[in-house]
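Q: sequence-free structure coming up:
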């Protein structure tokens, strides 16, 4: 029975990671500006934190966020000041005067930023459903129920903190995520791996490197540098004679560990919202 359960869990994970690669990766192709803005983890996490703080303020749980507050939580960085200026220029945020401090600017997340985060979260919520970590329907609700989406994003602070802590550590996903568009490159490798023939042993595949680089808006040399560095790290194997590569068991195991952890945090956040909905309003 334990062996059967393990096989079922393995299949559920493979179905989920296949869905992840096939649904999330196309979302990034052709979005060169989005990949440029959010292609590094420091920037994407800062934008996510802003969205969380914005939704907390909308619910009356916290004050409106300022750049200094986000820098305090993320760790002060010169790049964040320029990053939020870019977000403002691209129409993802706007700023207003702080009523108590004329030197500070309040940051307001605009629909484009909130909708982007909601779309990304709903994809991973669907992955959690496929993996059997979350009951079906939550992802659909996140996309179609504005009140649920507002409360989910406001409750996602712990989720984002866990992700940020994980990505500051070791493992295949943190390693790939340290590069520009590294998470997208890893997804491209995973998609190619699971599309390759063969159920056991090494799955060899040819990667359309130039097509992927063009789709993500990164240079072909950047992509090749990431792949060559991944080979040195022991994450991929390259057969240069046949122009094929394969993912190592270590890479597959470490990426599985991250995604199952991440999807469980996504599911926990949804469960927390639904648990509160069952309580009388004066108890939360």
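A: Yep, that arrived. Remember, predicted model here, so these are calculated numbers, not experimental data.

Q: C-alpha from now on. contacts and neighbour counts both.
A: Fine.

Q: Near residue 218, how many other residues are there?
A: By other CA atoms under 10 Å, the residues close to residue 218 number 18.

Q: For the protein, give the helix that spans the most residues.
A: helix 249-277 (DSSP state H).

Q: Report all helices and strands that that one contacts.
A: Packing contacts for helix 249-277, counted by 3 or more CA pairs under 8 Å, 6 or more residues apart in numbering; DSSP states H and E, involve helix 111-130, helix 146-154, helix 157-167, helix 172-177.

Q: who touches the next helix or strand after the last one?
A: Using DSSP states H and E, the helix or strand that follows helix 172-177 towards the C-terminus is helix 182-195. Outside of helix 182-195, the residues within contact range by CA atoms under 8 Å, 6 or more residues apart in numbering are 17-18, 21-22, 25, 28, 39, 173, 176-177, 203-207, 212, 216, 223, 226, 246-247.

Q: Toward the C-terminus, what is the element adjacent to helix 182-195?
A: In N-to-C order, the element after helix 182-195 by DSSP H and E is helix 209-216.

Q: Helix 182-195 and that next one, what's the angle between them?
A: 130 degrees (axes from the mean of the first three to the mean of the last three CA atoms, to 10 degrees).

Q: In a markdown table: the helices and strands packed on helix 249-277, plus mean pLDDT.
A: Output for these, formatted as a markdown table (pLDDT from 0 to 100):
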| stretch | mean pLDDT |
| --- | --- |
| helix 111-130 | 91 |
| helix 146-154 | 92 |
| helix 157-167 | 89 |
| helix 172-177 | 94 |
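
Q: For residue 53, which of those helices is the nearest?
A: Among those, the nearest to residue 53 by CA to CA is helix 146-154 (6.8 Å).

Q: Please list all residues in contact with residue 118.
A: 142, 143, 149, 153.

Q: Now for the third one: which residues touch it?
A: Looking back up the chat, that one is residue 149. Contacts of residue 149 (CA under 8 Å, 6+ apart): 118, 141, 142, 143.

Q: check contacts around the third one.
A: In other words, residue 142. Counting by CA under 8 Å, 6+ apart, residue 142 touches 118, 122, 148, 149, 152.

Q: mind checking how far the residue nearest the centre of the chain is from residue 165?
A: Residue closest to the average C-alpha location in the chain (CA atoms, centre = their mean): residue 120, at 6.8 Å. Separation of residue 120 from residue 165 (CA to CA, to the nearest Å): 19 Å.

Q: ok, now residue 82?
A: According to CA to CA, residue 82 stands 23 Å off from residue 165.

Q: With residue 224 instead?
A: As judged by CA to CA, residue 224 and residue 165 stand 28 Å apart.

Q: if you count what's nearby, which of these two comes out ahead?
A: Ranked by neighbour count (other CA under 10 Å), residue 224 and residue 165 place residue 224 first, with 14 against 10.

Q: Can you tell me the closest non-neighbouring residue to the more buried one?
A: Among residues not flanking residue 224 along the chain, residue 209 sits closest, at 7.7 Å (CA to CA, 6 or more residues apart in numbering).

Q: how many neighbours does that neighbour have?
A: Residue 209 is flanked by 18 other residues according to other CA under 10 Å.
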